[in-house]
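Chemist: Quick one, structure for this:
(2 chains)
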Amino acid sequence: MILEKAYEHKEIEKKWMEFWLNSTIFQVGQVVQGKRFSIVIPPPNITGGLHIGHGLQYTLHDVYTRWKRMKGCTSLWVPGMDHAGIATQYIMEKELAKENVTREQLGRDKFIERVWQWAGAAMDRIKFQLMKLGSSCDWSHQHFTLNDDLTRAVLEAFVRLYQERLIYRAEYIINWCPRCLTALSDLETIHKEYSGKLFYIRYPLKSGQGYVEVATTRPETIPGDTAVGVNPNDERYKVAIGDYVILPVLKREIPIIADEAVDPAFGTGAVKITPGHDPDDFEIGKRHKLASITIMTDSAKMNEQSGPYEGQDRFVCRKNILSDLANEGLLAKEEDYAYSIGHCFRCDTIVEPRVSKQWFVRMKPLAEPAIKAVEDGRVELVPSNWNKVYYDWLNNIRDWCISRQIWWGHQIPAYYCQDCSELTVSVTRPLKCQQCNSTSLIQDEDVLDTWFSSALWPFTVFGWPEKTVDLKQYYPTNLLITGYDILFFWVARMIMMGLKFMNDVPFKQVLFTGLIRDEKGNKMSRTKGNVVDPLEVIDNMGADALRFTLISQTADAMDVSFSRNKVQGNRAFMNKLWNVSRFVLMNIPDEFMVKPLRAEDLSLFDRWILTRTNEIIQEVDHNLTYYELSKAGNLLYHFIWNEFCDWYVEFSKPYLNAPDEKRKETTLNVLAVVLGKILKVLHPFTPFITEELWSIVKKLFKEDKTLALTAMPEYVETEVFAESKEEITAIQDVISRVRQIRAEMNIAPQKEVSCYVKIAEDKYGELFTYALPQILFLAKLKEFFLAAEFPADKMLVKDSAPCAHIGVDLLESVDRDKETARIEKEISKLEKTLNDVTAKLIDKNIIEKAPREVIESFQNRKDETQLRLNRLRAHLHDLQK
RNA sequence: AGGCGCGUAGCUCAAUGGGAGAGCGCUACCUUGACACGGUAGAGGCUAGCGGUUCAAUCCCGCUCGCGCCUACCA
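Modeler: Numbering: from 1, shown residues only, chains lettered A, B, ... in the order given. From the prediction side, this is the model:
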C-alpha cells in the first residue's frame, strides 16, 4: 500500500474521530480488575465554545489518559460541562434583548426552559470540539452540573453542611453586582487598579467649633455614614472621641469613635464610617453597634436614604455631592490617588458592597484538613511552588457567600413558612412546616454559586451520594489538570469538599498549566479580538499538529505564547512522520512479515537505532511520569527527525538497494520495528496520524488491535548496544566533514569525488570499511581510501575529526586562498578551545580541587584538540609552500 | 504592602556548577525515486547589570534595573 505523497489531516482526522465516537473502546467496564487511572475534566462552561486554553488542558488530559491506557490501566476520563450560572444567564439575557424581551417578562420557568435549549446546543458543540481534539473520554460517563442526578447530590451536600452548621444564612456585607443584580463571592470580584481621587471633606463639629477632616474616595456614600473613626492613640483626636459631628449634606449627627483599624498615618487620620457600603466599615460598625444604612437601590442608584440625591446613579451622585460640598466650603481639597476597586468577574461592572441576607459556607473548619492534605502529601501540587499560595489563601480564608440572585442554577433547598416564618432545609420539598405544620411554604428564590457544585464534581460524577461501584473504583481520582488561575476557585474547594464528604482527597496530584497568551504575550480576550479558535487551527493545520505544539510549549505551569508558526512547524513534523512511514512501506514487499530480531543479524546501524529507540522510550516514560511534557515532545521530535529520518533511514538505503537479501530483510525488519514503536510512543501526543499509520503498519506485525489499545513499548535491555553510539558518531563525523568541505568549496551536489582518511586509531579502519557503502552514499563519494599518508601527487582539501584526518580530492584545482581562509578559521576556533582547556589544566587550584573525571575530560579534550590542530597547521603549511 | 515568576541568538523558548542549544526567521547551494510541510552547509549570543560563594557561575546566594502575575479590609 502506497501512502499519499503528503499528509492530509482533514479526511484522516474525520475518519478516526467518527471511529472513536461510534466505538466503545474508551468506555470502561462496570467492574474492573487491575490498575486504574481516573481523571475528571475541569468542566468547560456552556457559555461558548472551547478556546485554546481548553485546547491545552484537554490535550494534556488526553495524553495522560491514553498513556495510562497503553500502560495497562483501565483509563477513565470523565467528560462533562458546567452550567455557569451568572455567565450563562448574562448571555441569555443578551440573547433575549435582541428579541426585546426581558427575563422578567418571560418569567422564571419559561426563561429556564430557554436556557436549557441553549445548554443542549452548547453541550453538543463542546462535545464535538473535544472530539475534534482527539479526546478519548468515556462519553457514557458524561455529566452536566444541572442534570437531575448532580442536582440531587448538590442539594444533599447543601443540606448536610447546613445540618452541621457549616452553612448558615446571615445578614452581611457582600459584593453586589448592580448589573447582574446578584451577590458575588470574593473570588468573583476582580480588583483592578483605578486612578481616582482622594477627597478631603470637613465634617463640622456639633459644637460649631471647627471640624474634623476626613479623607475618602467615595463621597457619594456620605448619606450612609454613621460615624467618624479615629485611632484611639492618635493624640490629635483624643479629645474629640465621643463628641459628635454634623454629617455634611444631610445634617445628621454622628459620633466620633475610636477604633484600632483606623490608620493615623493615612489621609487626615480620620475616616468616615459607612457600614452599609464598605466591608471594613461594616466590621467597625459591628464592633461599635453602629447603624448600617443602605443608601442605594439594587442597581446602585441612590435611594430614599440619600435625601436630595435619591434616584441618581452613584457616580452622578458623586459629582453632585462634591459640587454641593464645595459650595458649602466643606471640600478641603482633592488629590490624585490610585487604588484598586472591585469589578464583576463577568460583566466588569464596578461592584457595590452592600448589606444583605445571604447564604454562606463556614470555611475555617473545611480549610484546615485541606491544608493538611497538601502538607502531608496526600495531594501533590505540580509544580510545588503553588503550595505556598495555596496555604496562604486557606490560612486567611473568609466565609464563602454561595447564594446568587439569579434563576439559572441549583435553587437553594430552603423553605420558609408563610405562617410562622420557620426555615426548613431539605433535599425534597417538605410537605409542611416542621414548626407549625402549615403547608404554606415558599422555597428560597436564590440559586447556589456554580462553583459550589463544581467543588463536588470529583465525586458527584461517580454517583455520590449513592455508594456506587464507580465511586469505589475511581475515587479518589489520580490526577487533576487545570490552570493555576483556578487554584482557589476550584482546586482548593474540591479538596475541602472531597475531604468533607468522601473523607478522602479528590485527586492525588494536581498538574497546573500556564495560561495561553497570544503571539505577543498578551492575554487573549474577546474584546481584544486576539482569541485563537482551536477549531480553526485544527482545520488548517490538523489536531495532531496543534496538540504537539501545545505539549511542546508547556513547562512548569508557565504562561505560553501561542504561535501559529510553531503549529506550522509541527504540521511539517507530522508530514515528516507520514513520509518516513511512506518510505518504509514503499520498500516493504507484499506479504512481508516482521520476524523477531536476532542480535547476530543486526548491522551496526540497526544496533544503533534500536539502542536509541529504547533510550527514548525510557526517557519519554520518565518525562511523562514527572510531568515534563515539553521535554518528551522535543525528545521525540528530534529523535524521529534528526536521528531516525536523517540518519538511520539514510544509512539503510545502501542496504535496501544492495543484492544482499539477508541484510535487506533485517534492515526492513528494523525499519518496521522502530516505526511501530515510534507510532506507539507518539500516540498519546498525536493520536490521529499514528492511528492511521498503525492501521496500515500493524499488518506487518500480525496485530489487529487499534493503536490506542496496544501496549506501550518498554525498554528492552537486549536491544541496547552501548558501543554502537560511539561508532556511529565516528561515521557521522567523517560524512559531515566531507559534506562541509564540499559545501564550502562549492562542489556540485551530484558530483562524486574521492576521499582519503588517515585514521586516529586502528579500530576505525575496520569500522569505515564496514560502513563504506553508507559513507560513499551519504558523502557522495566515488572512492574512499584508508591511507597511511595522503598521496603526495594530489591536491587535497583537508579537515580533521577526532577519529580521522580527512582529505578530499576535488579533482579540480584548489583555490588556495579560499582553502587557506577556511583552514585558518577552523584553526582559530581550535586554538581558542585549546587555550581555554590548557589554562584549566595548568591551574593548580583546579588540579587540586576538581574531581578526577573532570580533569580527565579536560585532558582528553586538550589532546584531541591538539591533534586536530597539528594536522590543520601542517595542511596550512603545505598550502603556503 | 506582601508573595510568585520571568529577563539566554532577530522572534518564541530550552539547557547545564566544568566545551551555550532547538524551532521559526535569515544566507548559500540542491526539485537526488519518503518528504520542497524537503535536503546539505552556514551566519548569529561578553546568557539584563553589580557584588558574593566556589578551583570553576548562564546555573547557587544577595542587591539593582526592567517586565508579568497573584493575594490584601491602605479609607
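Chemist: use CA for all of it now, contacts and neighbours both
Modeler: Fine.
Chemist: For the most centrally placed residue in chain A, give the beta-bridge partners.
Modeler: Residue closest to the average C-alpha location in chain A (CA atoms, centre = their mean): A:Thr513, at 2.3 Å. Judged by DSSP bridges, the bridge partners of A:Thr513 are A:Gly483.
Chemist: got a list of what the nearest residue to A:Glu188 once chain neighbours are set aside touches?
Modeler: Taking CA to CA, 6 or more residues apart in numbering, and ignoring the residues beside it in sequence, A:Glu188 has A:Phe345 as its nearest neighbour in space, at 5.2 Å. Taking CA atoms under 8 Å, 6 or more residues apart in numbering, we find A:Phe345 in contact with A:188-190.
Chemist: Quick one, which of those residues are buried?
Modeler: A:189-190 (16 or more other CA atoms under 10 Å).
Chemist: And the contacts of A:Phe345, which is closest to RNA strand B?
Modeler: Closest approach to RNA strand B among the contacts of A:Phe345 (CA to the nearest atom of the strand): A:Ile190, at 6.7 Å.
Chemist: Near RNA strand B, which residues of the stretch 551-700 of chain A are found?
Modeler: A:553, A:555, A:558-561, A:563, A:565-566, A:569, A:571-577, A:579-583, A:586, A:631, A:641, A:645-646, A:649-650 (CA under 7 Å from any atom of the strand).
Chemist: show me what contacts A:Ile759?
Modeler: Neighbour list for A:Ile759: A:765, A:786-787, A:803-805 [criterion: CA under 8 Å, 6+ apart].
Chemist: 7 Å - rerun?
Modeler: By CA atoms under 7 Å, 6 or more residues apart in numbering, A:Ile759 lies in contact with A:765, A:803-805.
Chemist: Could you do A:Glu691 as well?
Modeler: The neighbours of A:Glu691, taking CA under 7 Å, 6+ apart as the test, are A:Leu707.
Chemist: cutoff 10 Å now
Modeler: The contact partners of A:Glu691, taken as CA atoms under 10 Å, 6 or more residues apart in numbering, are A:12-13, A:16, A:679-680, A:683, A:697-698, A:706-708.
Chemist: Farthest-apart pair in the residues you listed, please.
Modeler: Longest distance between any two of the contacts of A:Glu691 is 18.6 Å, between A:Glu13 and A:Lys698; criterion CA to CA.
Chemist: Looking at those two, which is more packed in?
Modeler: A:Glu13 (25 against 19; other CA atoms under 10 Å).
Chemist: Hmm, A:Ala545 and the more buried one touching each other?
Modeler: No - with contact defined as CA atoms under 10 Å, A:Glu13 does not count as touching A:Ala545 (11.6 Å).
Chemist: which neighbours do the two share?
Modeler: When contacts are counted by CA under 10 Å, 6+ apart, A:Glu13 and A:Ala545 are jointly contacted by A:538, A:689.
Chemist: Please report the distance of A:Val245 from RNA strand B.
Modeler: Per CA to the nearest atom of the strand, to the nearest Å, A:Val245 is found 16 Å from RNA strand B.
Chemist: which ones are touching that residue?
Modeler: If you count contacts by CA under 10 Å, 6+ apart, A:Val245 has them with A:202-208, A:210-212, A:227-228, A:251-256.
Chemist: Of these, just the buried ones, ChimeraX syntax please.
Modeler: This is how ChimeraX selects the buried members of the contacts of A:Val245, with burial counted by 16+ other CA under 10 Å:
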select /A:202,203,204,205,206,211,212,227,228,253,254,255,256
